[in-house]
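**Student:** Just the structure for this:
(3 chains)
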Amino acid sequence: MIGLIPFFPLLGFLINGLGGKRISERMSGIIASVVVGLSFIVAITLFGEFLKIGTPLEQTLFTWIAVGKFTVSFSYVLDSLSLVMVLVITGVGLLIHIFSIGYMKGDPGIQRYFSYLNLFTFMMLTLVMSDNFLAMFLGWEGVGLCSYLLIGFWFEDPVKAAAGKKAFIVNRIGDFGFLLAMFLIFSRFGSLKFMDVLIPQQIAQIPIEIVTAITLLLFLGATGKSAQIPLHIWLPDAMAGPTPVSALIHAATMVTAGVYLIARCGILFAASEITMSVIAVIGILTAFFAATIALTETDIKKVLAYSTISQLGFMFAAVGVGAFAAGIFHLMTHAFFKGLLFLAAGSVIHGMSGEQNMLKMGGLKQKMPTTYWTMLAGVAAISGLPLLSGFFSKDEILWNVYSSQFGGNILFGIGLFTAAMTAFYMFRLFFMTFHGDRRWSKEVSPHESPKIMTIPLIMLAVLSVVGGFIGIPESWGGHNFFHQFLQKSTQDATGYITHQYSSGLLLSENILMILSIVAAIGGLLLAYRFYVQRPDIPGKISKSLSIAYKLVSGKYFIDELYGLLFVRPLRNGSELFLKKFDISVIDGIANGSGKVMLVLGNKLRRIQTGVMQNYAAVIFLGVISIIFYLYLK
Amino acid sequence: MISDYIPILVVFILAAGFAFAILALSHILGPRVKNSVKLSPYESGVDLVGKTRVRISIRYFLIALLFIIFDIEIVFLFPWAVVFKDFLSFGWTIFIEMAVFLFILGFGFLYVWKKGALEWE
Amino acid sequence: MDLSLYFTRQDLWGILPEIVLLVGALIILSIELFARSQRAAMLGVGILSLVIAGGFASKNFGSSFILFQGMVTLNDYSTFFDLLYMTAGIVTMVISYNYLERKGGETRGEYFALILFATMGMMLMTRGNDLVIIFLGMELLSLSLYVLVGFLRHDVFSNESAIKYLLLGAFATGFFLFGAVLVYGTTGTTNFQHIASAITNNEILSDTLLSLGIGLLLVGFAFKVALVPFHMWSPDVYQGAPTSVTAFLCTAPKAAGFGALLKVFLVAFPALHADWQDLLWALALLTMIVGNISALVQTNVKRMLAFSSVTHAGYLCIGILVLNEMGVSAILFYLLVYSVMNLGAFGIISLLEKEEKGVNFKDYEGLASKHPWLSASLALFMLSLAGFPPTAGFVAKYTLFSSAISEGYIWLIIIAILNTLVSVYYYVRLIVNMYMRTSEETLVPFLHPLLSVVIFILAISIMFFGVLPGWLIDTVTQAARIYT
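**Tutor:** Below you'll find the model as predicted:
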């Protein structure tokens, strides 16, 4: 039964992938959506069953690798943590699949698109449902590959193809950490199963340095996948892909895999204070810096991309201070409202015939009423306006950051400020798009999107509004259902961390909440003043703060820095290598295909004698150095 | 162990010393006359004709190679002939062994022949 | 006198596969002599003799024999390699079908006969239990390969690579032979077990000379499997040789080289292995890095794959460094998977090649839209070479690296992983060209049902061993257990 959840998308992938053009455009979208829908139904059924029996559901499909005592079986497991993820992936995924049918209409590669999307769903489900690191890594790599394929979906444009490549390469750096961590885990624990590794008594026997190394390496993997500093550079470029892809992969699911990884291995991470502090600091810093960049960005999708990085930073901050449930809670609500925001942005782009620059929008309220209202719900939710989903989850994170031993006043301060910035840049986006003057050119005629696109928007909007109520804070006298539910998966980890809730805290949870409401509304009002009442102010400010503005709008020039530090030396190095060893031969062969056969003859002879001697000389040199090595010993 | 080989070393030294001594003696004692006849390479007392480097047809090499291959393989017949008598008690085995060897060799020869490697033109 | 002093019936039964191959080769040459146009018949005889020989060889599974007074040993280890060579031989023969004709050459009977001879040589290399036999096998292999590489007689590049291979190969063979002589001189024997016991009983004439001998043997092997700095020949030769030959050249002989090298260290010098750690470490490191960086800048696919195979030799060298049961079985697994991937990749390239076209990255643009199945297979082989799960390449790398980690070579593995990450760039580049670029004229593959079936089987097995490697891992572990 469990196996069915990932099986359906795989089936859809095979049908769409092998059928190709033989499947009609409409049909491929329907197949893709139906298979994800089936998975969703199975997941719901199992959710009910899980609530009834209360123990994780397991299914072993087959033994993958068995060498001596080392065995890895390909098993799927559903506990509360993976159930949440599965429901988000299939639920939000289903809506995005449906939305895609409208959005991708008329694209010649639509079958390819849906097959990739289904493959992605399969891989993502494997990632969250596997019961061991190795199978998880399979999903981890798989989603990376799909994301790469989908970012570069419109590969005719070299910029988009390059964006795909960049995402891929940056992710590989993270994978390096994951792989190495996996080897270390195996050599220390003798197993890769979560059940065998994530046992407090086991972990206590391992030297703390090793645990720190393992967790830091895993965190490196997480930073790559979840676009945290310093590996965040790929996500904004990844917006080159179709917008539903940005919604599904680069907002709702794949990029949250890092958070899931840390929550899953919470016990392991909690054992190392160093790692926890690193995660919390990196998370909050990422949240802050990404938010500052989002302040000046004018491309509607780029704003959302930086906002995603920023929100992911919040999630990392949450898991970094040991509030795993809060992190996952925000992950879920974020999937709702960020999925919604991307789809709404997609709807706007669709209506504007592909325009993404907000400077060329404005006044779209009347033209696209459904998109307007749904997007308002998303913007309000992410800004943390009271009683919306983002409000509950973000408050919980801020409260935990404030109260946990890994957090503190400074981190909380930055977090709160970032929350205010979030409200500001999100309403900036909203006002620039829907209010004010109509800045679009005459050729464009904005129109509301078809029903197949607006219905998913409405459903996501509803979720964004009410989704928070499953996690009402206990200080309100509520009953935090979500925490209770996740407790089974995270209690061991949180048990590790001694919370100092009561003693020595100046502010109570409710006061904190008021602070963050003030921050959110402050941001909102500021954005209203700047972009609706007095649209001339932003220009003036950016002039008076020109250096800071340049720094921020240049995204802190991190891409350029990496280019200078890593990319260029590597390229130069290999080019140097080329010149020294290979250029003559390559030249000879390159010319061979040309007309200059005569020259070639001469050249070839020269190469033969020259290079042959070189080769022999190198071999001889090798022999000499081996003899020298023997002599030294 | 190693001391067993000392006589050989002595022989080496003696031989090398002798050769060196003879060369040195002829260098010291011999008269030196430098004229064109004396400096020209010796070619059976006949005047030089043309360059010393002559291009030889590739066919010679081919034939030489084939000759070496078959000639060396024939060498295997000698030890076989020497021990032949001792093995007669085993019956046909010793004959079959050589027959297989000769068959392969003969096949090679046939192959070479048929491929035209022995044709001069 | 007793004949069994010299050889027994068992000895002859043991080398039956070699005999079959020899007879097959002679039949092919006879056909060539008397009925030259019967290309299909020659191909048939070649494949048939490989299959029969494989059948005889696989009967040895599970048992072990010592033949010819310890000159040759037959066991699971050697049988594993035997079957590997024969598989490579069969695939090579199939993908060679009509290939030389497409390149303006001619498929002669010698081509198939030489593949059979090379297979015999390789079998001797891993069956041999004596330096002389190993040398014999190595020479038989090398001489066949020299000719195969230059088989496109009218192609300058083919000739160039053949002469380069011949000269450098002879150079390296000299070192190998010198090494064997020194080992013989210091231990008084060429038999592996006797060498090992001489070393443990400390009956060695000179430690220095023995070390020098081992070092030179290592050079000989390093040349064969193309470890840096003895790899210089391989890109030129791989590129210049007919692609079908390259497929063979970079798979089976490399496996044979590693197989023999492993056996030498496992059986003859186990006591001295520890002394060679640093050197093997350095060789592995250099080979990985140099191979990888060189592969990055290639524009020719064959050349890229040549450097990639150098890189893979570097990874395999890590296994030699580890040399316990886990390491050896990982090497065997890796060798098989590596062979399948490369046979597949070169096989597809050889199908696509036409005159000057088909070997450059650029030629592959837009292939996917015209030939989805072929491109998918090639993409699969590339992903497997890069080590992506769930392909067999991932499992191979995983088992190899984890065996090294458990022996404590953490830094080497960190570098190895970094290398695999870099390597993704050039493998994926080909996929990008196939799937993400469009081109006016795409390559037209030569597709024969037999070829399609072989490529399909190779692709399926890459997936199969990636998802269900259990059976193969059991087999290689059993094979590795013989000597560890």
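
**Student:** and the helix or strand containing residue A:326, what does it pack onto?
**Tutor:** Following DSSP states H and E, one finds residue A:326 within helix A:324-351. Packing contacts for helix A:324-351, counted by 3 or more Cβ pairs under 8 Å, 6 or more residues apart in numbering or on different chains; DSSP states H and E, involve helix A:80-103, helix A:243-247, helix A:257-264, helix A:300-320, helix A:369-383, helix A:389-403, helix A:451-466, helix A:481-496. Placement of C-beta: from N, CA and C, glycine included.

**Student:** Now do the strands for the chain: every range, in order, please.
**Tutor:** Using chain A. Applying DSSP state E to chain A gives strands spanning A:57-67, A:70-78.

**Student:** please go with chain C instead
**Tutor:** C:65-67, C:72-74.

**Student:** Chain C: which of the strands of chain A is closest?
**Tutor:** Judged by Cβ to the nearest Cβ, the one of those that comes nearest to chain C is strand A:57-67, at 5.1 Å.

**Student:** can you list contacts of that closest one?
**Tutor:** A:1-3, A:46, A:49-50, A:71-79, A:131, A:134-135, C:326, C:329, C:395, C:398-399, C:467-470, C:473-474, C:477 (Cβ atoms under 8 Å, 6 or more residues apart in numbering or on different chains).

**Student:** number of nearby residues for the residue of the stretch 251-400 of chain A found nearest chain C?
**Tutor:** Nearest residue of the stretch 251-400 of chain A to chain C (Cβ to the nearest Cβ) works out as residue A:257 at 15.0 Å. Neighbourhood size, residue A:257 [other Cβ atoms under 10 Å in any protein chain shown]: 25.

**Student:** ditto for residue C:408
**Tutor:** Residue C:408 has 11 nearby residues by other Cβ under 10 Å.

**Student:** And it, how far from chain B?
**Tutor:** 41 Å (Cβ to the nearest Cβ, to the nearest Å).

**Student:** for residue C:31, same thing?
**Tutor:** Per Cβ to the nearest Cβ, residue C:31 is found 12 Å from chain B.

**Student:** residues contacting residue A:236?
**Tutor:** Contacts of residue A:236 by Cβ under 8 Å, 6+ apart are A:302, A:305-306, A:309, A:555.

**Student:** Could you list the low-pLDDT ranges of the chain?
**Tutor:** Here I'm looking at chain A. The model of chain A has pLDDT under 70 over residues A:20, A:66-70, A:155-157, A:471-481, A:484, A:487-509, A:532-611.

**Student:** my question was about chain C
**Tutor:** Applying pLDDT under 70 to chain C flags residues C:1-5.

**Student:** tell me the centre residue of chain A?
**Tutor:** Taking Cα atoms, centre = their mean, the centroid of chain A lies closest to residue A:255, which sits 1.4 Å from it.

**Student:** my read: that residue touches residue A:235, true?
**Tutor:** Yes: assessed by Cβ atoms under 8 Å, residue A:255 is found in contact with residue A:235 at 6.9 Å.

**Student:** joint contacts of these two?
**Tutor:** By Cβ under 8 Å, 6+ apart, the residues touching both residue A:255 and residue A:235 are A:227, A:308.

**Student:** quick one: stretch C:173-187 near chain A?
**Tutor:** Yes: using Cβ under 8 Å from any Cβ of the partner chain, stretch C:173-187 reaches chain A at residue C:175.

**Student:** buried stuff in that stretch?
**Tutor:** C:173, C:175-180, C:182-184, C:186-187 (16 or more other Cβ atoms under 10 Å in any protein chain shown).

**Student:** can you list the domains in chain A?
**Tutor:** A:1-130, A:132-553, A:559-632 (automatic domain parsing).

**Student:** Throw those into TSV and include distance to residue C:199, thanks.
**Tutor:** Shown next, in TSV, are those (distance: least, Cβ to Cβ, whole Å):
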stretch	distance to residue C:199
domain A:1-130	29
domain A:132-553	31
domain A:559-632	16
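
**Student:** Residue C:148 is nearest to which of the ones you listed?
**Tutor:** Ranking those by proximity to residue C:148 (Cβ to Cβ) places domain A:559-632 first, at 19.6 Å.

**Student:** quick one on the thing from earlier: just the buried residues out of the contacts of residue A:236, in ChimeraX syntax.
**Tutor:** Those of the contacts of residue A:236 that count as buried under 16+ other Cβ under 10 Å are selected in ChimeraX with:
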select /A:302,305,306,309,555
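
**Student:** Kindly indicate which of the contacts of residue A:236 lies nearest chain B.
**Tutor:** Distances from chain B to the contacts of residue A:236, taken by Cβ to the nearest Cβ, are shortest for residue A:555, at 69.6 Å.

**Student:** can you confirm residue B:97 is in a strand?
**Tutor:** No: read with DSSP: H, G, I helix; E, B strand; the rest coil, residue B:97 is helix and lies in no strand.

**Student:** Around chain A, pick out the residues from the stretch 151-300 of chain C.
**Tutor:** So far as Cβ under 8 Å from any Cβ goes, the stretch 151-300 of chain C lies against chain A at C:156-157, C:160, C:163-164, C:167-168, C:171-172, C:175, C:208, C:211-212, C:215-216, C:218-219, C:222-223, C:229-230, C:232-233, C:235-236, C:239, C:275, C:278-279, C:293-294, C:296-297, C:299-300.
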